[in-house]
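**Student:** Everything below, folded, please.
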Amino acid sequence: SAYLMKNLRLSGGSVFLIFRHRLAAKIPSASLSGKSFLFNRLRYSLFVLTSLLLITSCSNDFDEYFKRPSWLEKPAYDALQSKGNFTDYLKLVNRTLYSSVLKGSGSYTFFAPNDEAFKIYLAGKSLTSVDQISDADAAKIVAYSLVYNSYSSAHLGDVAGTTWTEGGSVRKLTPYYKGIYNEDVSGVTSWVIDPYDQAGDASTTIMPYRYLSIFTPKYFSANGLSSSDYETFYNGMYNTLDNKINVMGAGVLNQENGSPEIDVENGAVYEVNRVNADVTNIDEKLTADSKGSEFRNILNRKLSDGTYQFVSYEENTDNTAYYKKIYPSSNISHLYYKSYSLPFSFNVERSANTSNANEGDAQTLFVPTNTAVDAWKEKITSLYDVTESEIPDIAWQYFLQAHMVDHLVWPSKYKSEINVNSEFLNGAGSNGSDLSSAGVDTCKMASNGFYYRINSVIPCGYFESIYGKMLMDKSYSYLIFFYNFFLTGFKTN
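**Tutor:** Here you go, the predicted model:
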């Protein structure tokens with residue numbers, strides 16, 4: 001209302017014309033004659049004059065009445081600036097479009113790295129100043145330090161709804177997404193983009209925003225986890241302060257008043273002691289992992305007709321036309337949405353259909369080393385007297401699925417975890433071995449789940465039972481069909 005009145009008082013003539021137009025529209029032309037006409041004109045003039053006097057007399061009061069209250073907290077940008085130890089972070093903010101977010105209104109949660117955090121980051125990158133950080137990396141760092149909606153420390157580990165789901169949240173949605181990128185598609189360097197959900201849906205309005213993992217005492221308590229679970233991924237980085245909040249590999253620091261959050265006009269700010277710059281997903285981690293290249297080669301396997309067995313590249317011509325306009329200098333002829341024809345796609349952020357469910361879980365992928373994959377192939381071909389090219393297509397799918405879990409697998413829970421083949425990861429459940437026996441080589445946290453590189457292959461009942469003999473022998477193909485249809489547990493029992 002203040003905005004409307006301030007704009008109305010700028011031009012009395014505009015107000016007069018509005019009133020005149022509205023009143024004339026309500027008076028039939030046939031009635032505008034004689035005394036009735038004069039009376040209406042007089043009444044109309046008095047109405048307009050009174051209205052203008054009211055607006056003019058009140059105009060000076062509006063600024064006073066609607067001015068910023070002295071008790072209102074500062075915007076996030078001003079609050080960080082007044083602290084004095086966020087100079088490097090604010091330098092990056094100033095180079096991005098997110099500066100308006102920190103300076104303006106809205107409802108966000110900010111995880112701002114302090115200057116000490118940037119010293120550590122710069123040293124790790126062999127840089128001496130944040131001015132040497134590229135614009136693209138600056139935007140990535142800032143975008144990944146924000147999450148939508150304001151969360152106090154009391155509810156940082158909860159899922160918002162009609163009531164709070166306490167301890168139900170382990171990750172929050174950020175405004176960061178990758179956009180289009182180049183990838184080899186059947187030997188041709190092509191433009192690719194990730195879909196926003198597991199169905200592989202394409203959209204120019206819903207972006208594949210990435211998630212930021214936030215670990216709180218509430219979440220750990222609700223899921224029976226301990227600091228050792230976290231330190232499997234970030235050794236020595238568990239936050240020992242009384243707030244015990246970690247954001248990826250960073251710890252949240254307390255302020256002078258003992259509270260972990262800084263209340264600001266546009267949300268809540270948390271000071272963190274590390275820069276979270278690694279925003280890669282499981283698919284990107286696998287692509288960059290040279291020790292997992294044999295596993296990746298199976299993912300990129302082609303069928304006899306030359307098409308990919310597990311990877312799908314689908315073009316939406318309308319979206320291709322849209323991105324041609326957005327990126328005119330990128331020479332986009334085709335844009336493909338990449339997904340996997342497996343229980344879940346490694347390049348998709350959303351693990352579920354609702355935002356609330358996505359906050360509480362993600363996926364896990366176990367990637368055997370090249371040595372482990374080669375040893376497995378040698379074992380299978382020798383055991384069943386087949387060549388690698390004779391291994392059935394479906395067998396490769398079973399192999400991959402043995403290493404996929406459609407939720408987060410924490411180290412302490414490994415014994416009870418089941419893969420998407422509905423088999424225990426260790427082959428025996430609670431009576432079997434723990435994660436350490438799998439020969440964990442690397443543990444990494446991705447934006448969409450956990451990435452484990454292991455020195456062994458996950459046991460798979462499809463190959464390690466009498467079912468394997470029938471699976472590998474094509475002369476049993478009809479029998480395999482009926483077993484799959486009627487006796488789903490036969491492979492393991």
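**Student:** from here on, contacts and neighbour counts on C-alpha atoms
**Tutor:** Will do.
**Student:** so what's the residue nearest to the spatial centre of the chain up against?
**Tutor:** Nearest residue to the geometric centre of the chain (Cα atoms, centre = their mean): Arg210, 2.0 Å. For Arg210, the contact set (Cα atoms under 8 Å, 6 or more residues apart in numbering) comprises Leu173, Thr174, Pro175, Tyr176, Tyr177, Val279, Glu349, Ser447, Asn448.
**Student:** Which ones among the residues you listed map onto helices?
**Tutor:** Among the contacts of Arg210, DSSP state H puts none in helices.
**Student:** Quick one, which of those are buried?
**Tutor:** Using 16 or more other Cα atoms under 10 Å as the burial test, the contacts of Arg210 include Leu173, Thr174, Pro175, Tyr176, Tyr177, Val279, Glu349, Ser447, Asn448 as buried.
**Student:** Including pLDDT, could those residues go into TSV?
**Tutor:** Below are the buried ones among the contacts of Arg210 laid out as TSV (pLDDT from 0 to 100):
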residue	pLDDT
Leu173	95
Thr174	97
Pro175	96
Tyr176	96
Tyr177	93
Val279	90
Glu349	94
Ser447	96
Asn448	96
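**Student:** among these, which two are most distant?
**Tutor:** Using Cα to Cα, the buried ones among the contacts of Arg210 reach their maximum pairwise distance at Pro175 and Asn448, which is 14.6 Å.
**Student:** who touches stretch 388-400?
**Tutor:** Ile298, Leu299, Leu303, Leu342, Lys377, Thr381, Asn421, Cys460, Tyr462, Leu471, Met472.
**Student:** Flag every buried residue along it.
**Tutor:** By neighbour count with 16+ other Cα under 10 Å, stretch 388-400 contains the buried residues Ile391, Trp396, Gln397, Tyr398, Phe399, Leu400.
**Student:** How far away from the center of its chain is whichever strand or helix holds the second one?
**Tutor:** Secondary structure here is read from DSSP states H and E; on that basis Trp396 sits in helix 393-401. Centroid separation for helix 393-401 versus its chain: 28 Å, with Cα atoms, centre = their mean, to the nearest Å.
**Student:** go on, stretch 204-212?
**Tutor:** On Cα atoms, centre = their mean, the centre of stretch 204-212 falls 6 Å from that of its chain.
**Student:** Okay, now it: how far is its last residue from its first?
**Tutor:** Taking Cα to Cα, to the nearest Å, stretch 204-212 runs 22 Å from one end to the other.
**Student:** out of the contacts of stretch 388-400, who's nearest Asp318?
**Tutor:** Leu342 (26.1 Å).
**Student:** So that closest one sits against Leu299, correct?
**Tutor:** No: contact criterion Cα atoms under 8 Å: Leu342 and Leu299 do not qualify, at 9.8 Å.
**Student:** what do those two both touch?
**Tutor:** Taking Cα under 8 Å, 6+ apart as the criterion, Leu342 and Leu299 both touch Phe310.
**Student:** residue ranges with poor pLDDT in the stretch 301-450 of the chain?
**Tutor:** Low-confidence segments of the stretch 301-450 of the chain, defined by pLDDT under 70: none present.
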